[in-house]
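Peer 1: Pasted the sequence and its predicted model underneath.
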Amino acid sequence: MKIGVLVNLTLPEQLETKFADLKKYGFDSCQLCAWNPALWTDENAVAVKALCEKYGITVSAFWCGWEGPQAWNFYEGQLTLGLVPVEYRSARMKNLCDGADFAKKLGVTDVVTHMGFIPENPYDPAYAPLCIAIRAVADHLDANGQYLLFETGQETPVTMLRCFETVGRDNLGINLDTANLILYGKANPVDSLEVFGKYVRNIHAKDGKYPVNGHELGVETKLGEGRVDFRRFFEGLRALGYDSYVTIEREIEGDEQTRDIIEAKEYLENIIADVYA
């Protein structure tokens, strides 16, 4: 099991500081998160590859954002997130394809994104066109030799599974964010493995609590202070034969974020060592 951190893509000189910190704290992998297409240049690809080699960092996945508005809640989020909103779909499909092309230059095979609030009802008129759009993006990635990973959260596990079946491509996978399933009130991450475990290709190790109202997501916490049962989760992963990347994500900033990430590394190492002994 390889424990890494989610790192935001910035200019190479700023990214070097982040990679140096990863090395300092004993990490050797990361997911590279990128929301700004202006950074997806050939020059930056060369610079990022050089930094990876210099600091011994493997980019396990490229988390690809998209342009346009975004609201991380249950109301405006329905209208703004992912490929679901028709008015942003074409531009965002291009974002995902362009981001995948950048990732290919880095030698990264897994491209992650949020698809948005995929309709629960397969007869919803928005469902089929969404799946057609996802299929087109998946085909672009397949030509690159890449996988398109859905980040969990905005849909129930069975809705994601149904979408995979409808899209019908072999290069679909899951970036399982342990907290998001709870923050969105969609599922328990332990139980979700029984539905779509075979598709999991990367993990966001994150913790949080269930929503307490119908508008706002639940609250993210440091690992061990939320509702994720990480021991049972890793027992489930072991049963599935998963022994790959686990990426720590802590959605705060500053010194507290650094402290929580360092503590999360030790927390996860202890559990994994016990479960995988």
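Peer 2: Cool, got the structure. Numbers count the residues shown, from 1 in each chain.
Peer 1: now the protein, which segments are flagged as low pLDDT?
Peer 2: Under the criterion pLDDT under 70, no range of the chain is flagged.
Peer 1: Tell me which stretches of it form strands.
Peer 2: Ranges of strands within the chain are 2-8, 29-34, 58-64, 110-113, 147-151, 172-177, 200-205, 207-208, 220-221, 245-248, based on DSSP state E.
Peer 1: and for the second one, what are the contacting residues?
Peer 2: The one in question is strand 29-34. 2-9, 19, 22, 40, 48, 57-65, 99, 102, 106, 108, 112, 202, 204, 245, 247 (C-beta atoms under 8 Å, 6 or more residues apart in numbering). In short, each C-beta sits where N, CA and C put it, glycine included.
Peer 1: go again using 6 Å as the cut-off
Peer 2: The contact list for strand 29-34, computed with C-beta atoms under 6 Å, 6 or more residues apart in numbering, reads 2, 4-9, 58-63, 247.
Peer 1: do the same with the fifth one
Peer 2: Applying C-beta under 6 Å, 6+ apart, the external contacts of strand 147-151 come out as 110-112, 114-115, 138, 141, 160, 171-175, 177, 201.
Peer 1: Return the distance of residue 255 relative to residue 262.
Peer 2: 11 Å (C-beta to C-beta, to the nearest Å).
Peer 1: which of those two has more neighbours?
Peer 2: residue 262 (15 against 8; other C-beta atoms under 10 Å).
Peer 1: Please give me every residue in contact with the more buried one.
Peer 2: Shown in contact with residue 262 (C-beta under 6 Å, 6+ apart): residue 25.
Peer 1: try residue 68
Peer 2: Residue 68 touches residue 88, counting by C-beta under 6 Å, 6+ apart.
Peer 1: circling back to that earlier point, are any of the contacts of strand 29-34 buried, and if so which?
Peer 2: In terms of neighbour count (16 or more other C-beta atoms under 10 Å), the buried residues within the contacts of strand 29-34 are 4-9, 59-63, 247.
Peer 1: Residue 184 reaches residue 156, doesn't it?
Peer 2: No: Residue 184 is beyond contact range of residue 156, at 9.2 Å (criterion: C-beta atoms under 6 Å).
Peer 1: the more surrounded of those two?
Peer 2: Higher neighbour count among residue 184 and residue 156: residue 184, with 24 against 18, using other C-beta under 10 Å.
Peer 1: how near is the more buried one to residue 6?
Peer 2: Residue 184 is 18 Å from residue 6, by C-beta to C-beta.
Peer 1: for residue 105, same thing?
Peer 2: Going from residue 105 to residue 6 by C-beta to C-beta gives 20 Å.
Peer 1: end to end, how far does stretch 183-198 reach?
Peer 2: 23 Å (C-alpha to C-alpha, to the nearest Å).
Peer 1: ok, now stretch 171-181?
Peer 2: Note: stretch 171-181 ends 22 Å apart using C-alpha to C-alpha.
Peer 1: heads up, I number from 37, so please use that
Peer 2: In the new numbering, first residue 37, that becomes stretch 207-217.
Peer 1: Off-centre distance for it?
Peer 2: On the basis of C-alpha atoms, centre = their mean, to the nearest Å, the separation between the geometric centre of stretch 207-217 and that of its chain is 6 Å.
Peer 1: ditto for stretch 91-109
Peer 2: 7 Å.
Peer 1: how about the residue nearest to residue 151 when sequence neighbours are not counted, what does it touch?
Peer 2: For residue 151, ignoring the flanking residues on the chain, the nearest one in space by C-beta to C-beta, 6 or more residues apart in numbering is residue 118 at 4.4 Å. By C-beta under 6 Å, 6+ apart, the residues touching residue 118 are 150-152.
Peer 1: what do you get for residue 114?
Peer 2: With C-beta under 6 Å, 6+ apart, residue 114 has these contacts: residue 153.
Peer 1: how many neighbours does the closest residue in space to residue 233 that isn't next to it in sequence have?
Peer 2: When the adjacent residues along the chain are set aside, residue 233 lies closest to residue 276, with 4.7 Å between them (C-beta to C-beta, 6+ apart). Neighbours of residue 276 under the rule other C-beta under 10 Å: 13.
Peer 1: Correct me if wrong: residue 276 contacts residue 232.
Peer 2: No: using C-beta under 6 Å, residue 276 makes no contact with residue 232, being 10.4 Å away.
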